[in-house]
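# Let's see this in three dimensions:
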Amino acid sequence: MHPLFSTSRALALPLALAALLWAAPARSSENAPEPEVPPAASEAIPEESTDVQQPALFEQLTIVGGAENVDSIPGSAHYISEAELERQDYTDIHRVLRQIPGVNIQEEEGFGLRPNIGMRGTGVERSQKVTLMEDGVLIAPAPYSAPAAYYFPTTGRMEAVEVRKGSTSIIQGPYTTGGAINMISTSIPYELGGRVEVTTGEYGTGRAHLSVGNSSERFGWLLETFQLQSDGFKEIDGGGDTGFDLNDYVGKIRFSSSSSSPTQQALELKLGYVTQNGDETYLGLTDGDFENTPFRRYAGSRADSIDTEHEQVQLRHFFSRSANWDLTTTAYRNDFFRNWYKLDSVGGVSISSLLANPAEYDNLMASVRGERDDEQGSFNMRNNRRDYYSMGIQSVAAVRLGNSTGVAHQIELGVRYHEDEEDRFQEDDRWGMRDGEMFLVRQGQPGTNANRVGSAEAVAVFVQDTISLGRLTVTPGVRFETIDFTRVDYGKNDPDRNGSAASIRENSVEAWVPGLGLSWEVSPEWRVFGGVHRGFAPPGPGADARTRPEQSVNYETGVRWAANRFNGQLVGFFNDYSNLLGRDTLSSGGSGTGDLFNGGEVEVKGVEASFDTDLMRMFRGTSGTVHAPVRLAYTWTDATFETAFETSFEDWGPAVAAGDRLPYLPRNQWSLGGGVDTERWMGYATLSFTDEMLTEPGQGEVPVTSRTDDYLTLDLSGEVTVWRNLRATAQLRNATDETYVVARRPAGVRPGMPRTLLLGVRWAF
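Predicted structure coming up:
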C-alpha cells in the first residue's frame, strides 16, 4: 500500500489557496453588486425543473452544472438529466452518449462494460483520449500512466451525465483535445426517501437498483447498490458461459455547518466498491462464420474470463465566508485490480493475425473451432493481471467579483496533485484441445511474462475567468501540467523482483494549455460563441526520446437558440494536430507493450447539431400534465492523416498515406428520440444511426474486410403507474433485431447486441 499522500506538496498548494482566500475581503469593493449565488439546498426546487438539484455546497461535483447552465458556457456543453436517464433506463454508456453530438463510440461486447469513447476524432480505443470523471474526480484506473479505461463507473446508478468540449474544457484535463465526461452519482436526498427497482429479461438478464437516504440541516447519508447480471447472448461451441455479474455498492455521509453560521462548511465522505466477473473474450469470428452464425463463440475461447475489483474513496470539503467566494477541496483514491485470462496466441500466431488471415492458418483455425485436437498445448493463455491505483488532492476556488460599471468576473482557480501506477505481473499458461474441450497442459510461473511497473506523478494548475461585459462574455483560461513518468521493467526472469536485471526509464513533460472562449448574446433567444484552445495528451511512462506529446490547436464556433420551449445548438470544429499519438494495446489488436507511436500531422473537422423540445409545451405553453419530449443529435466528422509514414503500430500499420482517413471514426452519426409522458404512463423511442467505420487507415473504396457495418437501431421504453409510486417498466433494445459488425478488433468480427426484452418494476418512496 502507498501512503495516501506521499509528498508534502500534495497539501501545499490547496493550503496556499485557502490562506489567500481567507485573507480576501468579503466584498470586492464597497459599491460592487452582490453576484448571483446558486440556491441553497434548503430552498424550494422549481416545479418545472427536471434536473437534479445539487446543493450549492458541492458545485465542484459538476462540470456543466445542469441544463440551465448550458446556454451560458462559451463552448459545446451537454447535460443529460435524471429524468432523461430514467426515461430510457439505459445501463450501457454507449447508448446514453449517442444522444450527444461530437461523441464517437465503438461497441465491443454489447453491454458497454468496457466503453470505447472518443470526442471529435481523438480515437476511441478504451476511452484513453478523453478525461473521464465521477463527481468531478478522475476515475480511469491510472489516468496518466495507463489511461486505457478497463474500469468505467456503473451507468445505471448515475443521476446525470455531463459532456464538455471546446476551450472551457481545459480546466478538467489532462486530456484537452476532445473534452471531458463527468458521471454524477446519486446525491443524498433532501428527506427520507429512496428507490427500489428490479428488472428481468432475455438472455438471463437481471438487474436490481436500491437506494435509501435522508438529510437534516447538519447531517445527511445515502446507501446504494446496483446489481447487474446476464448469461450473455453469444453461444460457445460445445457449451459454456458468456455472461457476467456486476455488483456495485456506494455509501455517502455529509456533515454541514448550521445555515445561520457566518462561515459555511461541509464535509462529505463517499465510499464505493465494485466487483465484476465476466466470461468475455478478445476472440472474434471470421467473416464467413459471422455471416452464418453471428453470435457464435469458438471453443478456443471457453476458458476466457475477466475478474475486476474497484475501491473508491472521496473526501470532499467545502468552505466559504461569503457569497463572493468558496473553496472546495477533494482528496481521493481509487484502487483497481483486473485479471483478464484470455487466449493470446495459437501455435505462436497471435489471435489478431489468425483471424485476419484464417485461410493461411487452416489447421490452427480448426483447433480454435474445436474441430481438430491439439495434444501439444498450442493454446497460449495470458494471465493479464494488473493492479492500478490513483490518488490525489485537488482544490478549486470560485471567486465572484463585480463593480459599478456592470463588469463581472467569475474566476475559477484550481490546483491538483495526482499520482497513479499500473503494475503488470503476468504469465502464460499452455492449453490443448481434445474432442472440442480445452484442457490445461502447463501452468506458467507468475511474473514470467510482463513484469513491470509504470507510474506517474503530476501537478496541474489552472485559472479561468468568465468576464461578463453586458452581452459579451469573454472566458480566457490557462492550464499548466508538469508530469514525471517512471517505468521499471524487472524482466521475465525476475519474478521475485529483486532488481537484478531491472531497467528503468524516466521521462518528464511540461505543458501550457491556454484557451479562450467568446459568447455574444445577440438577443434573448440567440447566442453565438466560439473559442480556440490547445489540445494536449501526455505520452505516458516508457516513452523514448523520439516520442512527442500529443498536441493540437483546436477551434470551434457555434450558435445556440432558445425560443418557445425549443433549444438548439449548431457547432463547427477544427482540430489541427501537430502530432497524434498511438498506443500499442492488446485491445487494439497489438501485442500489449504500451509503446507509443507518433502519427504526425492530422486534421479533424466536423459539424455538430442538436435540439430538444417538448412539443406539448411548445404549442400549448406550460399548462397541462402531458409532455412530448423530442431530442435530436447529429455529427459529421472528417479526419485524415496529413503526412505519409511507416509504422509498426497495429492500428495504423504498416504504412499510412497522406489523406488516409483515421480508423474507427464514422463520418455520420445521429440519434433521434421522442415520446409521450403523462402522469400515468410514458412511452419513448430512440432511433440511432452509426455510419460504417474503417478498421485501418484508408481512402476511397474500402473492402468489407477493412470496415464495420453502418447500422440503424431502434430502442423502445415505457412505463405505467400501477399504484401510487409503483410503476411497471418495459424496454426493448434493438427492436428490429438488426445484425451488424461493430468492430474487427481485438481479433476478428464482433457483433452488436441482438433484440432484447426487459420487464421490471420501479418504486420510489
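
# got any ranges where the stretch 401-550 of the chain has weak pLDDT?
Of all residues in the stretch 401-550 of the chain, those with pLDDT under 70 make up the ranges 545.

# how about the strands in it?
Applying DSSP state E, counting those that start in this stretch to the stretch 401-550 of the chain gives strands spanning 407-425, 427-434, 437-442, 451-469, 472-489, 503-521, 526-537, 550-563.

# What strands flank the first one, and is each parallel or antiparallel?
To tie it back to what came earlier, the one meant is strand 407-425. Strand 407-425 pairs in its sheet with strand 374-402 (antiparallel), strand 451-469 (antiparallel), by DSSP bridges.

# what stretches of this structure score poorly on pLDDT?
For the chain, the ranges with pLDDT under 70 are 1-58, 545, 619-624.

# element containing the most centrally placed residue in it?
Residue closest to the average C-alpha location in the chain (Cα atoms, centre = their mean): residue 132, at 4.7 Å. Using DSSP states H and E, residue 132 sits within strand 131-134.

# what does residue 212 give?
Going by DSSP H and E, residue 212 is in strand 205-215.

# for that strand, packing partners?
Using 3 or more Cβ pairs under 8 Å, 6 or more residues apart in numbering; DSSP states H and E, the elements in contact with strand 205-215 are strand 193-201, strand 219-230, strand 756-764. The C-beta positions use only the backbone N, C-alpha and C, and glycine is treated the same way.

# Repeat the analysis, applying 10 Å as the threshold.
Packing partners of strand 205-215 (3 or more Cβ pairs under 10 Å, 6 or more residues apart in numbering; DSSP states H and E): strand 193-201, strand 219-230, strand 244-256, strand 756-764.

# can you put those strands in JSON lines and add mean neighbour count and distance to residue 466?
Shown next, in JSON lines, are the helices and strands packed on strand 205-215 (neighbours: other Cβ atoms under 10 Å; distance: least, Cβ to Cβ, whole Å):
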{"stretch": "strand 193-201", "mean neighbour count": "17", "distance to residue 466": "35"}
{"stretch": "strand 219-230", "mean neighbour count": "19", "distance to residue 466": "30"}
{"stretch": "strand 244-256", "mean neighbour count": "18", "distance to residue 466": "27"}
{"stretch": "strand 756-764", "mean neighbour count": "17", "distance to residue 466": "37"}
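
# mind listing the helices for the protein?
9-23, 82-88, 93-97, 287-292, 351-356, 362-368, 615-620 (DSSP state H).

# what's the spacing between residue 550 and residue 144?
13 Å (Cβ to Cβ, to the nearest Å).

# more crowded one of the two?
residue 144 (29 against 26; other Cβ atoms under 10 Å).

# Just list the residues touching that one, thanks.
Taking Cβ atoms under 10 Å, 6 or more residues apart in numbering, we find residue 144 in contact with 138, 174-175, 390, 418-422, 454-458, 481, 483-485, 509, 538-541.

# beta partners for the closest residue to it other than its chain neighbours?
In space, residue 144 comes closest to residue 456 once its chain neighbours are excluded; the distance is 3.6 Å by Cβ to Cβ, 6 or more residues apart in numbering. With DSSP bridges as the criterion, residue 456 is bridged to residue 420, residue 485.

# re earlier: and for residue 550 and residue 144, which residues touch both?
Contacts common to residue 550 and residue 144, judged by Cβ under 10 Å, 6+ apart, are 175, 538, 539.

# Just to check, the second one is in contact with residue 131?
No - taking contact to mean Cβ atoms under 10 Å, the distance of 11.5 Å between residue 538 and residue 131 leaves them out of contact.

# which neighbours do those two share?
Shared contacts of residue 538 and residue 131 (Cβ under 10 Å, 6+ apart): 143, 147, 173, 174, 175.

# Now do the last one against residue 703, distance only.
When distances are taken as Cβ to Cβ, residue 175 and residue 703 turn out to be 33 Å apart.

# higher neighbour count, these two?
Neighbours per residue (other Cβ under 10 Å) separate residue 175 from residue 703, with residue 175 holding more: 26 against 7.

# and the strand holding residue 132, what does it pack onto?
On a contact count with 3+ Cβ pairs under 10 Å, 6+ apart, strand 131-134 meets strand 158-165, strand 179-185.

# Pipe those into CSV and attach mean neighbour count and distance to residue 731 per row.
As requested, the helices and strands packed on strand 131-134 are exported to CSV (neighbours: other Cβ under 10 Å; distance: least, Cβ to Cβ, whole Å):
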stretch, mean neighbour count, distance to residue 731
strand 158-165, 25, 17
strand 179-185, 25, 21
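
# want to throw these into JSON lines with distance to residue 285?
Formatted as JSON lines, these follow (distance: least, Cβ to Cβ, whole Å):
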{"stretch": "strand 158-165", "distance to residue 285": "32"}
{"stretch": "strand 179-185", "distance to residue 285": "31"}
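
# So which of the ones you listed is nearest residue 202?
Closest approach to residue 202 among the helices and strands packed on strand 131-134 is made by strand 158-165 (24.1 Å; Cβ to Cβ).

# so what strands line up beside the closest one?
Strand 158-165 has these strand partners (DSSP bridges): strand 77-80 (antiparallel), strand 179-185 (antiparallel).

# can I get the CA coordinates of the last one in PDB?
Output of strand 179-185 as PDB, limited to C-alpha atoms (Å, rounded to 0.1, in the frame of the first residue of the first chain):
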ATOM      1  CA  GLY A 179     -13.200  17.100 -23.800                       C
ATOM      2  CA  ALA A 180     -14.400  15.600 -20.600                       C
ATOM      3  CA  ILE A 181     -17.200  13.300 -19.500                       C
ATOM      4  CA  ASN A 182     -18.500  13.500 -15.900                       C
ATOM      5  CA  MET A 183     -20.700  11.000 -14.300                       C
ATOM      6  CA  ILE A 184     -22.800  12.400 -11.400                       C
ATOM      7  CA  SER A 185     -23.600   9.800  -8.800                       C
END
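
# Report the angle between it and strand 550-563.
Between strand 179-185 and strand 550-563, the angle comes out at 60 degrees (axes from the mean of the first three to the mean of the last three Cα atoms, to 10 degrees).

# Quick one: distance of strand 179-185 to the chain centre.
On the basis of Cα atoms, centre = their mean, to the nearest Å, strand 179-185 is displaced by 7 Å from the centre of the chain it belongs to.

# I'm done for today, thanks for sticking with me.
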